[in-house]
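Chemist: Structure, please.
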Amino acid sequence: QVQLVESGGGLVQPGGSLRLSCAASRGIFSAYTMGWYRQAPGKQRERVATITIGSQTNYADSVKGRFTISRDDAENTVYLQMKSLKPEDTAVYFCNARCYWTGTTWNCLRSWGQGTQVTVSS
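Modeler: Residues are numbered from 1 along each chain as shown. From the prediction side, this is the model:
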C-alpha cells in the first residue's frame, strides 16, 4: 500500500518560513523520484520541486532560491523548506512520487491525498 502523508502547513506572514514534511513508505521512497506540488484555488496543480533517488533537485522558476527540497533516507521523509514566502505561494501542497505530465494532467504513482494547506497572509 502506497502511503504518503503530508504535514507542516499553516498560516504565515509574507516573508516568513515553513517546512513541509512528507512521510513515505520505504518501498516508494527508495524507488522513485519524489516531488512537491501545489494547487491554488481556481488554478491547475503545478510542480514545485522534485528530488531524485540520487538527490538531484529541480525547482519551478517561481520558487528557485526560496524553497529547498531535501530527503532523509533514514526517515523515509521528504521535506520542503520554504523561505521568503509570498501571498502567491498560498495553496494546498501535496507530495507524490513518479509524476509525469501527460499534457493535460499529472500522472503519479498514487492518487492525490488531502495535502497540507499553506496560507501566506498578513
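Chemist: what stretches of the protein score poorly on pLDDT?
Modeler: For the chain, the stretches with pLDDT under 70 are 1-2.
Chemist: which residues touch the most centrally placed residue in it?
Modeler: By C-alpha atoms, centre = their mean, the chain has its centre lying nearest to residue 36, at 1.9 Å. By C-beta atoms under 8 Å, 6 or more residues apart in numbering, residue 36 lies in contact with 20, 22, 47-50, 69, 78, 80, 93-95. To be clear about C-beta, it is placed using only N, CA and C from the backbone, and glycine gets the same treatment.
Chemist: what helix or strand is it on?
Modeler: strand 34-39 (DSSP states H and E).
Chemist: quick one: the helices in the chain?
Modeler: 26-29 (DSSP state H).
Chemist: Isn't residue 26 up against residue 74?
Modeler: No. Counting by C-beta atoms under 8 Å, residue 26 sits too far from residue 74 to count as a contact (10.5 Å).
Chemist: how far away is the nearest residue to residue 96 once chain neighbours are set aside from residue 94?
Modeler: Nearest non-adjacent residue to residue 96, counting by C-beta to C-beta, 6 or more residues apart in numbering: residue 108, 4.2 Å away. According to C-beta to C-beta, to the nearest Å, residue 108 and residue 94 sit 9 Å apart.
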